[in-house]
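*Asks:* Could you work out the structure for the sequence below:
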Amino acid sequence: MTRSPIRLAASAFLFAVALFIPVIIHAQPGGSSAREIQTEVQKTDPRVDQIIERANDHFRKGKLNLEDNKREQARDEFDKAVDEVLMSGLDVRASQRLQAFYLELVEKVYREEVPLMHAAPQNATPVVAQGLANPQVEQTDLAKVKPITIGFRQQGFDFSPLDPLSKLILTEKEKNVTEAQLATTEDVKNTLDFNFTMNPLVQQYINYYQGSRGRATMEGGLRRSGRYMKIARETFRREGVPEDITWLGQVESAWSPKARSWAAASGLWQFISGTGAQYGLRQTAWVDERNGIEKPTAASARYLKDLAKRYNGDWLLAMAAYNTGALNVDRAISRAGAANYWKIYPYIAQETRNYVPNILAVILIAKNPEKYGFHGIRPEPAMSFDSVPVTSSTSLRLIADATDTSVEYIQSLNPELRRDITPRGETYNVRVPAGKSKQLAAVLKRVPTDHRDVARVISIAPGEDLQSVANRTGVSVATLQSMNAGIDFKSATKLVVPNSSIKLTNWRRSTTTPDTNAAPSLTKVRARKGDTIAKIAAANKMSADELARLNGIGPNVELQAGQEIKLPGGTSAPGSRRR
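*Replies:* As a prediction, this is how the structure comes out:
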């Protein structure tokens, strides 16, 4: 499967935008100077030559295959050409030659693929390509044109909190520390599962989070942490890392698997490409496991454990090295003459000076939020999902249909997926809403493996006439029968259909004696700016997971102002927003 012209255009746009953004690239945050970086880029020139040569070779083979009408092979070669650059391990922005070549390559592949779209139906559906600039593009329904398969999206990213943290300057009020505050914090520190020497800087960051500037960040982290904390604690405990250090995730990503820093660190635990690969996190055209959940959490714990071992069990030095790199910490230790974080403090980058006391402040507050004035904050429910092995190239649209949810919700459960489809050529364990694994497995048994990239599922009423289904979907009765062989149509509630030309109009059973007094099974409210399913559920004293499943939207996806949200009938709380 090749990248769609839409994905390629969106990728090219984002890289073009990056051309005009001043970027200082280094191996890890808090690392080398600009002069040192230029030297490193120059050192990569022979490797850039090799990457360009290999990419051009794949592109030439793709064109030859296209001329021979071998479209499957052409798609493979075009894919490999682009992947030679993206999967090279080099930052494209750090080399002007590589960046210019990549943009030109994307444009050439786009021009080769666009002619294949002419046979597609003209019912285009507007979509938004996610990313830094959110450009609006048009995506045509390509499902009828088998050589170009749908299933591409531009990954959207959240900004990493590391970026503003590196520039944070405490106010005089925040720097004011009393003996009473230090005594309180010392009491809390004694309840942690690792030891460190207290420093007034830690209390200053506690003051920052208690004040107006940092309170919203801390409150948001205390809430969002609930989604991932169970997995994080179990993983850190298994790997032999203090469980309290899991709060590093708040400072690294604000508990967002899609967080991305200016230095291209990504995911809950902010791995750069090289370190991620070192700890077994795959980065391919299909997945970026840095943005996943279980694997990068385990990788983070192992990395911290290795760093602590390097520094004889000193977790503060381990956290400093996690941020700035072990070599920078080693140099600082050499200059300070002592392997102690507070001793090396003057010799490390400003970002790392902010980083370690900030994490310690977050850990202390999270350990006893009530004592620090954070009252009544309820963590979000822990992630709840089943894992189901699916075959090569299974569409997330099909998975969402089969589990009565949305593509967006499936994406939120599988943030490491870079496309709207599972990886080609391998069995992939996809996460689905808890309790839906058997339902998905039953549907997949009815869909041939080679059609799982273009099939989807629709709901029907038991006993609905097949001709009625055909009329509202644009699929012939014969096709419905062939794709649902062995199904009892009188009792079936779901049918497998091709993804092309689905109208998805609702079927309504006619009623001759409507009961106007019957209460509706659902009510609706309109979301306000900043609302999420979780917030609306809390306001109406409901389960966030249940409401998310009802609406097919992830619990923490920010809703659009005015967006209608369904509630079970009669559950709307007094004062809730009405339709």
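
*Asks:* For the helix or strand that residue 274 is a member of, list every residue counted as buried.
*Replies:* Assessed by DSSP states H and E, residue 274 sits inside helix 273-278. Neighbour-count burial for helix 273-278 flags 273, 275-276 (criterion: 16 or more other CB atoms under 10 Å). Backbone N, C-alpha and C define where each C-beta goes, glycine included.

*Asks:* Nearest to residue 213 among the residues you listed?
*Replies:* residue 275 (31.0 Å; CB to CB).

*Asks:* if I look at residue 199, how far off is residue 219?
*Replies:* According to CB to CB, to the nearest Å, residue 199 and residue 219 sit 25 Å apart.

*Asks:* Name the SS class of residue 496, please.
*Replies:* When the structure is reduced to helix, strand and coil (DSSP: H, G, I helix; E, B strand; the rest coil), residue 496 reads as strand.

*Asks:* Pull the number of nearby residues for it.
*Replies:* Counted with other CB atoms under 10 Å, the burial measure for residue 496 works out to 23 neighbours.

*Asks:* cool, residue 530 as well?
*Replies:* Using other CB under 10 Å, residue 530 is surrounded by 9 other residues.

*Asks:* Could you find the closest non-adjacent residue to it?
*Replies:* residue 558 (6.7 Å; CB to CB, 6 or more residues apart in numbering).

*Asks:* give me every residue that touches the one you found.
*Replies:* 530-532 (CB atoms under 8 Å, 6 or more residues apart in numbering).

*Asks:* which residues in the stretch 251-400 of the chain form strands?
*Replies:* Ranges of strands in the stretch 251-400 of the chain, per DSSP state E, counting those that start in this stretch, are 259-260, 385-390.

*Asks:* Also the stretch 451-579 of the chain?
*Replies:* In the stretch 451-579 of the chain, the segments counted as strands under DSSP E, counting those that start in this stretch are 455-459, 494-498, 522-526, 564-568.

*Asks:* Remind me what the last one packs against, helices and strands.
*Replies:* Here strand 564-568 touches strand 522-526, helix 533-539, helix 544-551, going by 3 or more CB pairs under 8 Å, 6 or more residues apart in numbering; DSSP states H and E.

*Asks:* Show me the beta-bridge partners of the closest residue in space to residue 446 that isn't next to it in sequence.
*Replies:* In space, and not counting its chain neighbours, residue 446 is closest to residue 496: 5.3 Å by CB to CB, 6+ apart. Partner residues in beta bridges with residue 496, using DSSP bridges, are residue 457.

*Asks:* Against residue 411, how distant is residue 496?
*Replies:* Counting by CB to CB, the separation of residue 496 from residue 411 is 22 Å.

*Asks:* do the same with residue 208
*Replies:* According to CB to CB, residue 208 and residue 411 sit 34 Å apart.

*Asks:* go on, residue 348?
*Replies:* As for residue 348, its distance to residue 411 is 38 Å (criterion: CB to CB).

*Asks:* Compare those two and say which is more crowded by neighbours.
*Replies:* Taking other CB under 10 Å, residue 348 and residue 411 do not tie; residue 348 has more neighbours (24 against 21).

*Asks:* give me every residue that touches that one.
*Replies:* Residue 348 sits in contact with 30, 320, 324, 328-329, 332, where contact means CB under 8 Å, 6+ apart.

*Asks:* hmm, back to that, for the helices and strands packed on strand 564-568, which one sits closest to residue 225?
*Replies:* Proximity to residue 225 (CB to CB) singles out helix 533-539 among the helices and strands packed on strand 564-568, at 13.1 Å.

*Asks:* which strands and helices sit next to the closest one?
*Replies:* Packed next to helix 533-539, using 3+ CB pairs under 8 Å, 6+ apart, are helix 544-551, strand 564-568.

*Asks:* Out of those, which gets the lowest mean score?
*Replies:* Confidence, taken as mean pLDDT, is least for helix 544-551 of the helices and strands packed on helix 533-539 (a mean of 73).

*Asks:* C-alpha coordinates for it, PDB please?
*Replies:* Below are the C-alpha coordinates for helix 544-551, written out as PDB (Å, rounded to 0.1, in the frame of the first residue of the first chain):
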ATOM      1  CA  ALA A 544     -17.100   8.400  31.000                       C
ATOM      2  CA  ASP A 545     -16.300   5.100  29.300                       C
ATOM      3  CA  GLU A 546     -20.000   4.300  28.700                       C
ATOM      4  CA  LEU A 547     -20.800   7.800  27.400                       C
ATOM      5  CA  ALA A 548     -17.700   7.600  25.100                       C
ATOM      6  CA  ARG A 549     -18.900   4.300  23.700                       C
ATOM      7  CA  LEU A 550     -22.400   5.700  23.200                       C
ATOM      8  CA  ASN A 551     -21.100   8.600  21.100                       C
END
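
*Asks:* What is it packed up against?
*Replies:* helix 533-539, strand 564-568.

*Asks:* For the ones you listed, give me JSON lines that also has distance to residue 65.
*Replies:* Written out in JSON lines, the entries for the helices and strands packed on helix 544-551 read as follows (distance: least, CB to CB, whole Å):
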{"stretch": "helix 533-539", "distance to residue 65": "46"}
{"stretch": "strand 564-568", "distance to residue 65": "48"}
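
*Asks:* Roughly how far does residue 189 sit from residue 180?
*Replies:* In this structure, residue 189 lies at 15 Å from residue 180, with CB to CB as the measure.

*Asks:* still on that earlier bit, between the strands of the stretch 251-400 of the chain, which one is nearest to residue 253?
*Replies:* Taking CB to CB as the measure, the strands of the stretch 251-400 of the chain were each checked against residue 253, and strand 259-260 came out nearest at 3.6 Å.

*Asks:* which residues are contacting the closest one?
*Replies:* With contacts defined as CB under 8 Å, 6+ apart, strand 259-260 is touched by 157-161, 252-253, 266-268, 270.

*Asks:* List only buried entries from those residues.
*Replies:* Buried among those (16+ other CB under 10 Å): 157, 159-161, 252-253, 266-268, 270.

*Asks:* list the contacts for residue 186?
*Replies:* With contact taken as CB under 8 Å, 6+ apart, residue 186 is in contact with residue 198.

*Asks:* Can I get the helix or strand hosting it in CSV, CA atoms only?
*Replies:* Taking DSSP H and E as the definition, residue 186 sits inside helix 179-189. The C-alpha atoms that make up helix 179-189 are tabulated as CSV, following Å, rounded to 0.1, in the frame of the first residue of the first chain:
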residue,chain,number,x,y,z
GLU,A,179,10.5,26.9,57.1
ALA,A,180,6.9,25.7,57.6
GLN,A,181,6.7,24.8,53.9
LEU,A,182,10.0,22.9,54.0
ALA,A,183,8.9,21.0,57.0
THR,A,184,5.6,19.9,55.3
THR,A,185,7.5,18.9,52.2
GLU,A,186,10.1,17.0,54.2
ASP,A,187,7.2,15.0,55.8
VAL,A,188,5.8,14.1,52.4
LYS,A,189,9.3,13.3,51.0
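
*Asks:* Can you pull out the low-pLDDT segments for the stretch 401-550 of the chain?
*Replies:* Within the stretch 401-550 of the chain, the stretches falling below the threshold (pLDDT under 70) are 499-521, 545, 549.

*Asks:* Include mean neighbour count when you put the helices and strands packed on strand 564-568 into a markdown table, please.
*Replies:* As requested, the helices and strands packed on strand 564-568 are exported to a markdown table (neighbours: other CB atoms under 10 Å):
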| stretch | mean neighbour count |
| --- | --- |
| strand 522-526 | 16 |
| helix 533-539 | 21 |
| helix 544-551 | 20 |
